[in-house]
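3D, please:
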Amino acid sequence: MTIVTHALLPLAVCRPWLRSNGSPLFKEAAIVAFCGVLPDLLSPHIYLDGRYGSWSHTLWAWFGFTALVLVVGLVWKTRFGMRLQILCIAAYALHLAADMISGGITLFHPFSPRIHGGHFISYLMWYVSDVLLFLYAWLDFHVLPRLRKRAPRFPAMEDQTP
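Numbering: from 1, shown residues only. Below you'll find the predicted structure:
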């Protein structure tokens with residue numbers, strides 16, 4: 001998958017749990033999106049074969065990332081609460097899952113060269129998913145909040161039983 005999908009897929013999946021108590025919604029969304037692209041930033045690759053030798057696309061890297069996120073959460077409890085920690089861990093896992101269905105990854109590299117997953121999504125669909133996820137994110141984060149602000153508020157209905 002492309003980096004656009006890796007950034008926007010976690011936002012689409014985790015959107016119900018993104019909220020802004022203490023920090024703006026944009027800040028949480030940016031952190032989750034960053035965690036979604038992190039495996040590609042840690043070991044960049046242009047071709048699929050580069051992903052197969054990538055240490056950041058392994059189960060071990062996910063375990064290490066999980067441990068790091070939990071330690072950061074212990075240090076900064078007020079800014080990086082348990083909910084955001086879980087969303088970041090899920091974003092990294094979603095990256096691995098998306099790569100598993102779009103060419104596969106070597107989950108247990110370097111101990112096993114076996115590729116887990118396969119080519120279940122064609123290359124053309126990668127770009128279709130980019131466009132669809134971008135439209136979804138634009139609607140969900142930009143258009144819908146404005147429509148909700150403009151919607152008329154109705155007073156609470158009194159109990160009108162006869």
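
from here on, contacts and neighbour counts on C-alpha atoms
Noted.

Chain neighbours aside, what residue packs nearest to Pro10?
Leaving aside its sequence neighbours, Pro10 sits nearest to Ala91 (C-alpha to C-alpha, 6 or more residues apart in numbering; 5.0 Å).

same question but for Ser112, I mixed them up
Thr106 (7.3 Å).

Let me see the backbone angles for the residue nearest to Pro10.
phi -60, psi -40 (degrees, to the nearest 10).

swap in Lys77?
phi -60, psi -40.

Check the burial of it by counting its neighbours.
12 (other C-alpha atoms under 10 Å).

What segments of this protein are helices?
Taking DSSP state H as the criterion, the chain carries its helices at 3-14, 25-42, 48-52, 59-75, 82-101, 123-138, 144-150.

Could you identify which of those is most buried?
Among the helices of the chain, judged by mean count of other C-alpha atoms under 10 Å, the one packed with the most neighbours on average is helix 3-14 (a mean of 22).

export that one as PDB, just CAs?
C-alpha atoms of helix 3-14 as PDB (Å, rounded to 0.1, in the frame of the first residue of the first chain):
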ATOM      1  CA  ILE A   3       2.000   5.900   2.500                       C
ATOM      2  CA  VAL A   4      -1.300   7.800   2.000                       C
ATOM      3  CA  THR A   5      -3.300   4.600   2.800                       C
ATOM      4  CA  HIS A   6      -1.000   3.800   5.700                       C
ATOM      5  CA  ALA A   7      -1.700   7.300   7.200                       C
ATOM      6  CA  LEU A   8      -5.400   7.400   6.500                       C
ATOM      7  CA  LEU A   9      -6.500   3.800   7.200                       C
ATOM      8  CA  PRO A  10      -5.800   4.100  11.000                       C
ATOM      9  CA  LEU A  11      -7.700   7.400  11.100                       C
ATOM     10  CA  ALA A  12     -10.700   5.800   9.400                       C
ATOM     11  CA  VAL A  13     -10.600   2.800  11.700                       C
ATOM     12  CA  CYS A  14      -9.800   4.600  14.900                       C
END
